[in-house]
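Peer 1: 3D, please:
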Amino acid sequence: MYLNTLTLAPGARQTKKRVGRGIGSGLGKTCGRGHKGQLSRSGAGRKPGFEGGQMPLQRRLPKRGFVSRQEVLKQTAQLRLDQLPRLLSSETDVIDLAKLKEAKLIKPSAKKVKIILAGKLSRPVIIKVNQWLKVTRGARAAILDASGSIIEEG
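Peer 2: Next up, the predicted model:
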């Protein structure tokens, strides 16, 4: 095979349609557009997806992408205040979302966690709060009363 012998496959290139070149070309006068009507006019056309008045495909198919509030609530875990000291090995340990998952106090599928006031806090804890780990007002007061601390992050 040589470069000078390379050719395109048969039918790969079609000759351009030359319209408006007289009666003998088969595309004279109306240039293959027929008589009258929307598509015979220059500049006119139909929008993409138009199906002649039939309900278009993009409107017939169901919409996707909505996430209901119930799904968001399923991904949010609640954690009782009295469960926190169980996962601490020392007084300086900081509790965050990764530690809670590691200790299996919450499901691995949980994306958000809210610590609620339930039970007594027996020892001080340090909690790193961010957009995924929240603390209720009552739980915050209980943590601070037990001489714990809350670190606000971003």
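Peer 1: CA only for contacts and neighbour counts going forward, please
Peer 2: Fine.
Peer 1: Please compute how far stretch 143-154 lies from its chain's middle.
Peer 2: When distances are taken as CA atoms, centre = their mean, to the nearest Å, stretch 143-154 is centred 33 Å away from the chain's centroid.
Peer 1: now stretch 13-33
Peer 2: If you compare the mean C-alpha spot of stretch 13-33 with that of the full chain, they lie 49 Å apart, counting by CA atoms, centre = their mean.
Peer 1: now swap in stretch 99-116 and tell me
Peer 2: For stretch 99-116, the gap between its own C-alpha mean and the chain's C-alpha mean amounts to 23 Å (CA atoms, centre = their mean).
Peer 1: same question, stretch 30-42
Peer 2: 44 Å.
Peer 1: Flag every buried residue along that stretch.
Peer 2: By neighbour count, and taking 16 or more other CA atoms under 10 Å as the criterion, the buried residues in stretch 30-42 are residue 31.
Peer 1: now that stretch: mean pLDDT?
Peer 2: Mean pLDDT, stretch 30-42: 92.
Peer 1: Quick check: end-to-end length of that stretch?
Peer 2: In stretch 30-42, first residue to last residue: 11 Å (CA to CA, to the nearest Å).
Peer 1: Show residues contacting that stretch.
Peer 2: Contacts with stretch 30-42, where a contact means CA atoms under 8 Å, 6 or more residues apart in numbering, come from 19-20, 44-45.
Peer 1: beta partners for the residue nearest to residue 95 when sequence neighbours are not counted?
Peer 2: With sequence-adjacent residues excluded and distances taken as CA to CA, 6 or more residues apart in numbering, residue 95 is closest to residue 127, at 4.7 Å. Beta bridges link residue 127 to residue 95, residue 150, judged by DSSP bridges.
Peer 1: Residue 149 touches residue 129, doesn't it?
Peer 2: No: taking contacts as CA atoms under 8 Å, residue 149 lies outside contact range of residue 129: 10.4 Å.
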